[in-house]
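Student: below are the sequence and a predicted model for it; my questions follow.
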Amino acid sequence: MRRFNNTVRLAMHALLFAVLTACGGGGGGNSGATGSSPGGPPGGVALQVVSFGDSLSDVGTYAPIASAVGGGRFTTNPGQVWTQDVAQYYGNTLNAAFTIGFDHKLSAQGGLGYAEGGATVATPATDYDFLTDVIGNVEMPVNQQVSSYLGTYGSFNSGQLVLVWAGANDVLRAGNPPSATSTVQTAATTLAQVVTQIVQGGATHVVVVNVPNIGLSPKGLASADGGANLTQLSQLFNTTLNAALQSDGLQGKVIEIDAYTWVNQMIANFQANGFAVSNTAQACDPSKTPDDTSLLCSPATYVAPNADQTYLFADDLHPTTHLHALFAQYVEQQIAASGLGH
């Protein structure tokens, strides 16, 4: 894993101290979020959004520290991630359920954005080394995120839209076949079990997103095999998840989103979708962005002033603001096609 150099870390600590002293604490990382318009939400129905997952959906778990260098979310900051966009579409504002403090401990904030960067489906954070120098090993796996929600609120309800997107970190950390095969299959099957828990907990509107084609990310293209293994494992996760959802009788009870196919098509037609650069480069300049992670990316570290709109990828894995927005629109369309809102 990448390491955070001491100079940058010390600079962030100093900046964070100044921020906390001036403001009395860290923010929830929801810059730019707004509520519903006077005429009602654009989605046609007001829904409270609850989100579980990893960095692709994290609305600001690490913002109190990352904001010291203009970061906060795993995208081209200060842009939003797709879950925030979807929440706004249904007249809601999504805030982080937990945020990290200067002491590298998570504290509850009352928000419903449970997704945390670095999270797997079920593997404890202490088994991995994810930006440990910056955040420590604190990220909750998805099964723990759901348990935390239920421990606090008891159940879900029909006025909520529950978003679930996980598995990418399981694929990234699985290694190579044959050992990787069982790791990925177990993660996908476990995710289906977590979705079952959500549905049995009272949720009536549940969105389940499959794993995108990680092999086509800049990280995948830069690997020794050009991303072939990551593509294969992404496919394996998705076929296993689909089979498990079907076996558990969930396919008619959840809205499945095919991020794998959507990302493939977006890359193949990037210019038609308003991008100038596809999956061959990243919007956050690696030489300027601390630890080369979009969590710490800001306009000052963009490769160009409009890179958040013209590039597909912020860093070597995560979408830019523009790509997040387009994915949110796609999800909203799929939700509407299911008969919920418009």
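Tutor: Great, that's in hand.

Student: and the helices in this structure?
Tutor: For the chain, applying DSSP state H gives helices covering 6-23, 63-66, 82-89, 132-135, 142-153, 168-172, 179-200, 218-222, 228-247, 259-268, 307-310, 321-337.

Student: so which of these is nearest Glu116?
Tutor: Ranking those by proximity to Glu116 (CB to CB) places helix 142-153 first, at 7.2 Å. (Each C-beta comes from the backbone N, C-alpha and C, glycine too.)

Student: and the angle from the closest one to helix 179-200?
Tutor: Angle of helix 142-153 versus helix 179-200, following axes from the mean of the first three to the mean of the last three CA atoms, to 10 degrees, is 20 degrees.

Student: output the helices of the chain as a markdown table; include the columns mean neighbour count, distance to Ser294 and mean pLDDT.
Tutor: Formatted as a markdown table, the helices of the chain follow (neighbours: other CB atoms under 10 Å; distance: least, CB to CB, whole Å; pLDDT from 0 to 100):
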| stretch | mean neighbour count | distance to Ser294 | mean pLDDT |
| --- | --- | --- | --- |
| helix 6-23 | 13 | 15 | 37 |
| helix 63-66 | 27 | 10 | 93 |
| helix 82-89 | 27 | 14 | 98 |
| helix 132-135 | 20 | 13 | 61 |
| helix 142-153 | 18 | 21 | 97 |
| helix 168-172 | 26 | 14 | 95 |
| helix 179-200 | 19 | 23 | 97 |
| helix 218-222 | 17 | 11 | 97 |
| helix 228-247 | 20 | 18 | 98 |
| helix 259-268 | 18 | 16 | 98 |
| helix 307-310 | 21 | 10 | 98 |
| helix 321-337 | 20 | 10 | 98 |
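
Student: now render those as TSV, adding distance to Glu116.
Tutor: TSV is the format used below for the helices of the chain (distance: least, CB to CB, whole Å):
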stretch	distance to Glu116
helix 6-23	19
helix 63-66	12
helix 82-89	12
helix 132-135	9
helix 142-153	7
helix 168-172	10
helix 179-200	15
helix 218-222	20
helix 228-247	19
helix 259-268	19
helix 307-310	23
helix 321-337	17
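
Student: out of those, which is closest to Ser278?
Tutor: Closest approach to Ser278 among these is made by helix 259-268 (5.4 Å; CB to CB).

Student: what sits up against the closest one?
Tutor: For helix 259-268, the external contacting residues (CB atoms under 8 Å, 6 or more residues apart in numbering) are 165, 209-213, 216, 234-235, 238, 273, 278-279, 312, 323, 326-327, 330.

Student: what does stretch 243-258 give?
Tutor: Residues outside stretch 243-258 that contact it (CB under 8 Å, 6+ apart) are 188-189, 191-193, 195-196, 199, 205-210, 242, 330-331, 334-335, 338, 340.

Student: so which residue is smack in the middle of the chain?
Tutor: For the chain, Leu56 is the residue whose C-alpha lies nearest the centre (CA atoms, centre = their mean; 1.7 Å).

Student: so it touches Ala168, yeah?
Tutor: Yes. The criterion here is CB atoms under 8 Å, and Leu56 meets it with Ala168 at 6.6 Å.

Student: rewinding a little: wait, which of the helices of the chain is closest to Gly44?
Tutor: helix 321-337 (8.0 Å).

Student: what comes into contact with the closest one?
Tutor: The contact list for helix 321-337 (CB under 8 Å, 6+ apart) reads 43-44, 75-76, 79-83, 85-86, 89, 161, 163, 205, 207, 209, 255, 257, 259, 262, 266, 273-275, 308-314, 319, 341-342.

Student: relative to Gln197, how far out is Ser147?
Tutor: From Ser147 across to Gln197, the span is 8 Å (CB to CB, to the nearest Å).

Student: same check, this time on Thr321
Tutor: Distance, Thr321 to Gln197, by CB to CB: 32 Å.

Student: next: Gln271.
Tutor: Going from Gln271 to Gln197 by CB to CB gives 42 Å.
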